[in-house]
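Visitor: need coordinates for the following:
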Amino acid sequence: MAGFSRRHFLAGLSTGASAMALQGCSQAQQSAVGRASRNGVPGSDGMADVRLQNAVVEFDGEHQAGIKEAQQARANIVAFNLKEGVDRVGVARLLKLWTEDARRLTAGIAPRGTLEPELLNIPGNLTITVGFGPGLFTVIGAEDQRPDWLAPLPKFDRDQLDPQWGEADLMLQIGSDEPITAAYALRHMIRSGVDYVDVAWLQQGFNHADGARAKSTTPRNLFGQFDGTVNPRSEQEFANQVFIADDSPAPSWIHGGSAMVIRRIRMNVDTWEKLDRASRENAMGRKLDSGAPLTGTEEHDDPDFAARDKFGLPVIDPTSHMARARNPLDKPQQKLLRRPFSYDLPPEPGDGQLSNSGLIFICFQQDPREQFIPIQSRLDEVDRLNEWITHIGSSVWAIPPGTDVEGKGRDEYWGQSLLETHGKG
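Guide: Below you'll find the predicted structure:
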């Protein structure tokens, strides 16, 4: 009864009232830890717990958190389908609840009605990011506000997609450097939405630990490769590649947001490990130790695709992963933000493999039709890495812009502009 009364009580509140209730505690928490703590506080191993306890990522802002920030050590990406009978009003109630809860969770403050406040003592850079799937727009009666690119990706020839990892109505990306916090935030958000949504799928991944990330700017996947070398780094690059501009033809409610693609990639680690290092590097086009192109010495060196070895053969194989991911040199490059997480599960009975490992490949961009799809089309056509990977899941999400607890020209809750200005029923 406590959970029931909480949900229905909050549903009747205006967002302004919720914002006033949250403002004091949120600002006090963030002031106490300091915004600089988002990047971690250097210290000895003995200071790790203190660092993560004070590591708070600000929830409100121009863009949602969980995009520009470095990948955390743990990630829970969970998709939902709306329950039968939930309409636009119900979706608005859900997103008000979720926004309030996420705002408090990420600040290290217990959401209303929680019985486990101790599980939030270490925020550990917790971020919670929401995404909207194609079906949401049908439910709220706003198909004309669905971005043109928000649709299932085209079927690539090498795909072996499992429907269990496919499209859904809503998605939450939950990341934290503290495993207990990541698990609790997932549980709470699922429980908070229980009257409105059912879980469609859950993908759980991991990355380098918080302390290790400070020593390596680009994370590695389970093949030992750097993943994200060509990511945007400057504010201008993010503006040009990731976030949807105000002058974009996309619907105005998503200006300041982004497009998210999630691909689940099975990696055949068993056969990959049978290769010597030279073969692995040739398949990638990069050196394993430094991440440098085979023609360079540093990770961010420009590759020389014209270079030849003593036999007259290309130093970088034209069918290597790096070479195929890049557009032909006489055309503009397609660029996006890669933010992947690895997964490692028990072997599946009967498949003959010693491992069940792979990559939850997540990327953000302005328009998948202009960025992800052309890149993946080239890789699907030919890529030496294809011998060891299989794409088994695919979904596309509209990521609304950031929020503000007081409005201030931004939505107070996720999707407010979409839900209160557009839609019917």
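Visitor: tell me the phi and psi of the closest residue to Lys287 other than its chain neighbours?
Guide: With sequence-adjacent residues excluded and distances taken as C-beta to C-beta, 6 or more residues apart in numbering, Lys287 is closest to Glu281, at 5.7 Å. From N, CA and C alone the C-beta is placed, and that goes for glycine too. Torsion angles at Glu281 (phi, psi; degrees, to the nearest 10) stand at phi -70, psi -40.
Visitor: burial count for Glu281?
Guide: Other residues near Glu281 number 19, with proximity taken as other C-beta atoms under 10 Å.
Visitor: surely it and Gly291 touch.
Guide: No: with contact taken as C-beta atoms under 8 Å, Glu281 and Gly291 are classed as non-touching, separated by 10.4 Å.
Visitor: residues in contact with the residue nearest to Lys287?
Guide: With contact set as C-beta atoms under 8 Å, 6 or more residues apart in numbering, Glu281 has these partners: 287-288, 294.
Visitor: what do you get for Gly228?
Guide: Under the criterion of C-beta under 8 Å, 6+ apart, the contact partners of Gly228 comprise 218-219, 338-340.
Visitor: most neighbours of all the residues you listed, which one?
Guide: Result: Arg339 is most packed of the contacts of Gly228 (other C-beta under 10 Å), 25 neighbours.
Visitor: any idea how far Thr271 is from that residue?
Guide: Separation of Arg339 from Thr271 (C-beta to C-beta, to the nearest Å): 27 Å.
Visitor: and Glu387, by the same measure?
Guide: For Glu387, the distance to Thr271 - C-beta to C-beta - is 8 Å.
Visitor: likewise Gly352?
Guide: Using C-beta to C-beta, one gets 11 Å for the distance from Gly352 to Thr271.
Visitor: can you tell me how far Ile375 is from Leu105?
Guide: Applying C-beta to C-beta, the value for Ile375 to Leu105 is 34 Å.
Visitor: who has more neighbours out of the two?
Guide: Neighbours were counted for Ile375 and for Leu105 using other C-beta under 10 Å; Leu105 has more, 27 against 20.
Visitor: excluding residues flanking it in the chain, which one is nearest Leu354?
Guide: Setting aside the residues directly before and after it, Leu354 is nearest to Asp270 in space (C-beta to C-beta, 6+ apart), at 5.2 Å.
Visitor: quick one, what contacts that neighbour?
Guide: Asp270 sits next to 353-355 when contact means C-beta under 8 Å, 6+ apart.
Visitor: ok, and the closest non-adjacent residue to the residue nearest the centre of the chain?
Guide: With distances taken as C-alpha atoms, centre = their mean, the chain has Ile362 as the residue nearest its mean C-alpha position (5.2 Å). Closest residue in space to Ile362, ignoring its immediate chain neighbours: Arg339 at 4.7 Å, by C-beta to C-beta, 6+ apart.
Visitor: noted, bye for now.
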